[in-house]
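# pasted the sequence and its predicted model underneath.
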Amino acid sequence: MSDTSPEYDIVLNEEKKRFELVEDGHMARVNYVMLSPTSIIYTHTVVPFALKGQGIASYLAQHVLNYARDNNLNVIPQCPFIRAYIDRHPEYDELVQKSTR
């Protein structure tokens, strides 16, 4: 994100298979499934109405894609928002598993 964007804490909740961001008592999240030790499927992005319009979904998308990059994971973007984020940010295109392009 840019230097003027707020920073949020994101927690990896492996038990529930999601990345969680809590702000003002509301939780936004990206759900995932580990397809294999080298592939992650991002299945759904949820941002509660109270948090909409703050760039939180994009912040989450950037975080989960950087997580995949840092952990050498191929990404399967089943979530339409994650897919659209990748389309708008071609620097993440290399992460997408070839069979899902």
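Yep, that arrived. Numbering: from 1, shown residues only.

# what's the separation between Thr38 and Gln97?
9 Å (Cβ to Cβ, to the nearest Å). Yep, even glycine has a C-beta here, placed from its N, CA and C like the rest.

# compare those two (neighbour count), which wins?
More crowded of Thr38 and Gln97, by other Cβ atoms under 10 Å: Gln97, with 16 against 11.

# the more buried one contacts Ala68, doesn't it?
No. Applying Cβ atoms under 8 Å, one finds Gln97 not in contact with Ala68, separated by 10.3 Å.

# need the residues touching each of Thr38 and Gln97.
Contact with both Thr38 and Gln97 is made by residues Asn74, according to Cβ atoms under 8 Å, 6 or more residues apart in numbering.

# before we move on, back to that, overlap in contacts of Gln97 and Ala68?
Looking at what touches both Gln97 and Ala68 (by Cβ under 8 Å, 6+ apart), the common residues are 74-75.

# run a quick neighbour tally on the closest residue to Asp24 other than its chain neighbours.
Closest residue in space to Asp24, ignoring its immediate chain neighbours: Ala50 at 6.8 Å, by Cβ to Cβ, 6 or more residues apart in numbering. As a burial measure, Ala50 scores 12 neighbours (other Cβ under 10 Å).

# in three-state terms, label Ala50 for me.
What DSSP: H, G, I helix; E, B strand; the rest coil gives for Ala50 is helix.

# how close does it sit to His89?
In terms of Cβ to Cβ, Ala50 sits 26 Å off from His89.

# so what strands line up beside the longest strand along the chain?
Longest strand of the chain, by residue count under DSSP state E: strand 26-36. Sheet pairing of strand 26-36 (DSSP bridges) gives strand 18-23 (antiparallel), strand 39-46 (antiparallel).
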